[in-house]
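Colleague: just coords:
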């Protein structure tokens, strides 16, 4: 086997292994972020809001670096569409106009920026960094916070307003789901 073939085989194999570890790291990070969002829904709302505002504030700065105003306007409009999801956060009806519009906005934003980077050669690490911060950060915030809706499902039906129906009022303890016998469980406070 020639030396070039062995080098190609090792580098290709190590590239796929690193890609696998990268995907695993991203999955672990998203899981950790969703756990944090589940424990702190008000902080998750603030994180989504601040991320949205920071990305929107970065758009005018990109105009000074030679990016077309049309692309920036479309991208800013897409991010404003994501902002409509904050009105009833964490309750998101997947068939609502704001959710479907945000889904369409993700596709449009990707199309616009893929077109820009197709026309203007940019190294892959810069493209990835741009996509991570300017395109994926806000939708990922909302994606991570989708776990909040599963905890809030009983309230999504309109939630009367009596004791125990609000987010802060009533009995907020979760139903115990331990499979241990009662004698082996930790005492509750």
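Modeller: Alright, I've got the coordinates. Just so you know, these numbers come straight off a predicted model, no measurement behind them.
Colleague: can you list the buried residues in the longest helix seen in the chain?
Modeller: Criterion DSSP state H: the longest helix present in the chain is helix 3-39. By neighbour count on 16 or more other Cβ atoms under 10 Å, the buried set for helix 3-39 is 33, 34, 37, 38. The C-beta positions use only the backbone N, C-alpha and C, and glycine is treated the same way.
Colleague: pLDDT averaged over it - what is it?
Modeller: Mean pLDDT, computed over helix 3-39, is 84.
Colleague: give the contact list for the most centrally placed residue in the chain.
Modeller: Centroid check for the chain by Cα atoms, centre = their mean gives residue 140 as the closest residue, at 1.3 Å. Contacts for residue 140 (Cβ atoms under 8 Å, 6 or more residues apart in numbering) come out as residue 30.
Colleague: so it, which state does it fall into?
Modeller: Using DSSP: H, G, I helix; E, B strand; the rest coil, the structure places residue 140 in helix.
Colleague: any idea how far it is from residue 97?
Modeller: According to Cβ to Cβ, to the nearest Å, residue 140 stands 22 Å off from residue 97.
Colleague: repeat that for residue 70.
Modeller: 25 Å.
Colleague: check residue 134 too.
Modeller: In terms of Cβ to Cβ, residue 134 sits 25 Å off from residue 97.
Colleague: neighbour count: those two, which is higher?
Modeller: residue 134 (18 against 9; other Cβ atoms under 10 Å).
Colleague: so for the closest residue to the more buried one other than its chain neighbours, what pLDDT did the model give?
Modeller: Closest residue in space to residue 134, ignoring its immediate chain neighbours: residue 55 at 5.9 Å, by Cβ to Cβ, 6 or more residues apart in numbering. On the pLDDT scale, residue 55 is placed at 90.
Colleague: what helix or strand does residue 55 sit in?
Modeller: Per DSSP states H and E: residue 55 is located in helix 41-63.
Colleague: okay, the angle between the next helix or strand after that helix and helix 41-63?
Modeller: Scanning forward in sequence from helix 41-63 by DSSP H and E, the next helix or strand is helix 69-83. Counting by axes from the mean of the first three to the mean of the last three Cα atoms, to 10 degrees, helix 69-83 lies at 170 degrees to helix 41-63.
Colleague: what is the mean pLDDT for helix 69-83?
Modeller: In this model, helix 69-83 carries a mean pLDDT of 89.
Colleague: now it, how far from the centre of its chain.
Modeller: Its chain's C-alpha centre and that of helix 69-83 lie 17 Å apart, by Cα atoms, centre = their mean, to the nearest Å.
Colleague: before we move on, what about stretch 112-120?
Modeller: For stretch 112-120 - counting by Cα atoms, centre = their mean - the centre lies 23 Å from the chain centre.
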